[in-house]
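# No sequence on hand, only this structure:
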């Protein structure tokens, strides 16, 4: 599966992950509470240092949960193999 359409939306990411690895990230509402909401709060211009720290914690936990299941490549890496 390609991640291009979902690269900026964690709830869409959760839907794709649930398709590929059912149940890995839990129910949608729980995922939103644990990951999407904290990351969004921490990305806001008026985010507090606590919000930013919580966003980083959530992102790190999500990366840990999906490690070994997601192969991430930057466009620059792929460009070397495309015409």
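Perfect, thanks for sending it. Treat the numbers as computed from the prediction; the structure is a model and nothing was measured. Numbering: from 1, shown residues only.
# Please enumerate the helices of this structure.
Using DSSP state H, the helices of the chain run over residues 10-20, 28-31, 37-43, 49-66, 75-79.
# Kindly reformat those as CSV containing mean pLDDT and mean neighbour count.
In short, each C-beta sits where N, CA and C put it, glycine included. Output for the helices of the chain, formatted as CSV (pLDDT from 0 to 100; neighbours: other C-beta atoms under 10 Å):
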stretch, mean pLDDT, mean neighbour count
helix 10-20, 89, 16
helix 28-31, 94, 13
helix 37-43, 96, 17
helix 49-66, 96, 14
helix 75-79, 76, 8
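# so how far is residue 60 from residue 77?
23 Å (C-beta to C-beta, to the nearest Å).
# Identify the residues contacting the residue lying closest to residue 24 once chain neighbours are set aside.
Nearest residue to residue 24 in three dimensions, chain neighbours excluded: residue 17, at 5.9 Å (C-beta to C-beta, 6 or more residues apart in numbering). Contact analysis of residue 17 by C-beta atoms under 8 Å, 6 or more residues apart in numbering lists 24, 25, 66, 69.
# For those residues, which PyMOL command selects only the ones that are buried?
Restricted to buried positions by 16 or more other C-beta atoms under 10 Å, the PyMOL selection for the contacts of residue 17 reads:
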select buried, resi 25+66
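# Nearest to residue 37 among the contacts of residue 17?
Of all these, residue 37 sits closest to residue 25, with 14.0 Å by C-beta to C-beta.
# wait, that closest one sits on residue 15?
No - using C-beta atoms under 8 Å, residue 25 is not in contact with residue 15; the gap is 9.7 Å.
# got TSV for the contacts of residue 17, with distance to residue 42 too?
Listed next are these as TSV, based on distance: C-beta to C-beta, whole Å:
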residue	distance to residue 42
24	23
25	19
66	19
69	24
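# separation between residue 79 and residue 53?
Counting by C-beta to C-beta - residue 79 and residue 53 are separated by 35 Å.
# now residue 32
In this structure, residue 32 and residue 53 are 19 Å apart, going by C-beta to C-beta.
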